[in-house]
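# Quick one: sequence and predicted model below, then my questions.
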Amino acid sequence: QVQLVESGGGLAQAGGSLRLSCAASVLIFSNYRVGWFRQAPGKEREFVAGINRSGGRPYYADSVKGRFTISRDNARNMVYLQMNSLKPEDTAVYYCAADISHSMAITTLVGSYDYWGQGTQVTVSS
């Protein structure tokens, strides 16, 4: 059973930064592609950023491109989301998700990910 635990959420002012972390309890983390998703109240869960098994090909939603950076450390079973220039519309619960895959491609689909963390709240004040 794969467990994902997010941390690093909190309150930030518009223009500020936060760094989210996701710790994975798996034997071989490099077998998993990873994505960050978010869900605001009353809205569907949406893709934010994804990274392939080796840490290459990061892919971002247009809404966060140029502001957020996803990275991973397979030796430590960790994934990170550095969020800069935060906006009030970034307010949401952020989820880490993982999917074991032989592909090096990234998927943005919620249904493609088998494992999810419990989420961490990010609130950006104006």
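Looks like it came in fine.

# Give the bridge partners for the residue most central in space within the chain, please.
Most central in the chain under CA atoms, centre = their mean is residue 36, positioned 2.1 Å from the mean C-alpha point. Note on residue 36: beta-bridge partners by DSSP bridges are residue 49, residue 96.

# from memory it sits against residue 45, does it?
No: contact criterion CB atoms under 8 Å: residue 36 and residue 45 do not qualify, at 10.9 Å. The way it works is simple: take the backbone N, C-alpha and C, and place the C-beta from them, glycine included.

# residues shared between the contacts of these two?
Between them, residue 36 and residue 45 share these contacting residues under CB atoms under 8 Å, 6 or more residues apart in numbering: residue 95.

# coming back round to it: got the contact list for the residue nearest to the centre of the chain?
20, 22, 48-50, 70, 79, 81, 94-97.

# Let me see the confidence value for it.
Residue 36 is assigned a predicted lDDT (pLDDT) of 98.

# can you tell me how far it sits from residue 18?
Going from residue 36 to residue 18 by CB to CB, to the nearest Å gives 12 Å.

# shared neighbours, the two?
If you check residue 36 and residue 18 against CB under 8 Å, 6+ apart, no residue is contacted by both.

# what comes into contact with stretch 118-126?
With contacts defined as CB under 8 Å, 6+ apart, stretch 118-126 is touched by 5-14, 16, 18, 20, 38-39, 83, 86-95.

# what do you get if the cut-off is 6 Å, keeping everything else the same?
6, 9, 11-14, 86, 88, 90-91, 93-95 (CB atoms under 6 Å, 6 or more residues apart in numbering).

# Take those residues and keep only those in helices.
When DSSP state H is applied, the contacts of stretch 118-126 are split such that none fall in helices.

# Would you mark the buried spots in stretch 112-120?
Applying a neighbour-count criterion of 16 or more other CB atoms under 10 Å, the buried positions in stretch 112-120 are 113, 115-117, 119-120.
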